[in-house]
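>>> sharing a sequence plus its predicted fold:
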Amino acid sequence: MEWLTGVRTVIKYIEDNLTRDISAQDVADQVHISPFFLQRGFLIMTGYGIGEYIRSRRLYEAAKELRETDDKVIDIAFRYCYETPESFSKAFHRFHGVTPMQVRNGARFKSFLPIKIKLTVHGGDQMDYKITPMFPFRLIGFQKIFDMETAYSEIPKFWDELCEKYANNVYAGNEPANAYEKALMDNCIGEFAVCIDDLGGNSFRYLVAGRYSGGEVPEGMVLYEFPRGDCAIFNCVGQNPETLQGVNTRIFSEWLPGNPEYEISGNVTVEWYDTTGDPKAPDYHSQIWIPVKRK
């Protein structure tokens, strides 16, 4: 499905199902796109995660019903998929800044109308990318499962944790002190960051990884085989994470919606980092790999 059409379909599906208990997986099933890719693209194009958008629309519609009907608060709470009046009231106050009863008595509430998506064509600034066949190769790394709603803030903490536990010693020029530090050195772990959407629901696997060169796989580390297929490889030159984030935004807001030939394929995305460079240097080189197929 064409990307822009897919996002519009998602918004309509959400509008038609505000009073049903739907998940990000349910939404992704409507457009046959990986929940991970859909979540990322939806966030970039609208500024909201799918779960956040659904909650905001429900709380706005609930406020309208409080103002315009005599329905009980508990009935409105259940209608918009809250399990208890207490959880509804907390979410309502957090979003609107007032309680349900204050809205019923005339207090103002926050407006949140359905988003309308349109494509803005940008010219004069071509993205640096190529489509290339990728052959299977194995990665080894440290894995953690993230929730799609909080991943952007939690993933950097994971990197910091790994550096503190395993990387700082060898980066200081010391010999590896344990099997984890040896695996990090032998396989250049940190060259890749891999997102794998194969869990279903609202979670995905994230690997801080390197190319597997053989040898021991310490307990708790994982192997992953990157699949065969075509990839769109986007070059990023500049300070990170700002440059990577900027290119990633353009992929989902400009390249995918306007691309006449390719669409997303598979369930994995990769970031590659030049481990010999300084991520804060203005000429630092990194890449984003997006698996694609011809339409």
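Noted; the coordinates are in hand.
>>> residues making contact with the one helix or strand F204 maps to?
For F204, the element it lies in under DSSP states H and E is strand 203-211. Here strand 203-211 makes contact (Cβ atoms under 8 Å, 6 or more residues apart in numbering) with 35-36, 137-148, 151, 155, 158-159, 162, 184, 187-199, 222, 224. Bear in mind the C-beta positions are built from the backbone N, C-alpha and C, glycine included.
>>> tell me the buried residues within those residues.
35-36, 139-144, 146, 148, 151, 155, 158, 162, 184, 187-197, 224 (16 or more other Cβ atoms under 10 Å).
>>> of the residues you listed, which belong to strands?
139-144, 146, 192-196, 224 (DSSP state E).
>>> of those residues, which pair is most distant in space?
I140 and F146 (19.2 Å; Cβ to Cβ).
>>> for T276, pull up the helix or strand it's in.
Per DSSP H and E, there is no helix or strand for T276.
>>> just give me the neighbour total for it.
8 (other Cβ atoms under 10 Å).
>>> swap in N267?
Residues near N267, counting by other Cβ under 10 Å: 19.
>>> just V10 next, same as before
23.
>>> gap between the worst-scoring helix or strand of the chain on mean pLDDT and the chain center?
Lowest by mean pLDDT, DSSP states H and E among the helices and strands of the chain is helix 256-258, with a mean of 77. Centroid separation between helix 256-258 and its chain, computed with Cα atoms, centre = their mean, to the nearest Å, is 18 Å.
>>> can you check stretch 200-215 too?
15 Å.
>>> partners of the strand holding F204 in the sheet?
The pairing partners recorded for strand 203-211 under DSSP bridges are strand 137-147 (antiparallel), strand 192-196 (antiparallel).
>>> alpha carbons only: can I get that strand in PDB?
Taking C-alpha atoms only, strand 203-211 is exported to PDB below (Å, rounded to 0.1, in the frame of the first residue of the first chain):
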ATOM      1  CA  SER A 203       6.900  -4.200  21.600                       C
ATOM      2  CA  PHE A 204      10.000  -4.800  19.500                       C
ATOM      3  CA  ARG A 205      13.500  -6.200  19.900                       C
ATOM      4  CA  TYR A 206      16.500  -3.900  19.800                       C
ATOM      5  CA  LEU A 207      20.100  -5.000  19.300                       C
ATOM      6  CA  VAL A 208      23.300  -3.100  19.800                       C
ATOM      7  CA  ALA A 209      25.400  -5.300  17.600                       C
ATOM      8  CA  GLY A 210      28.400  -6.100  15.400                       C
ATOM      9  CA  ARG A 211      29.200  -8.600  12.600                       C
END
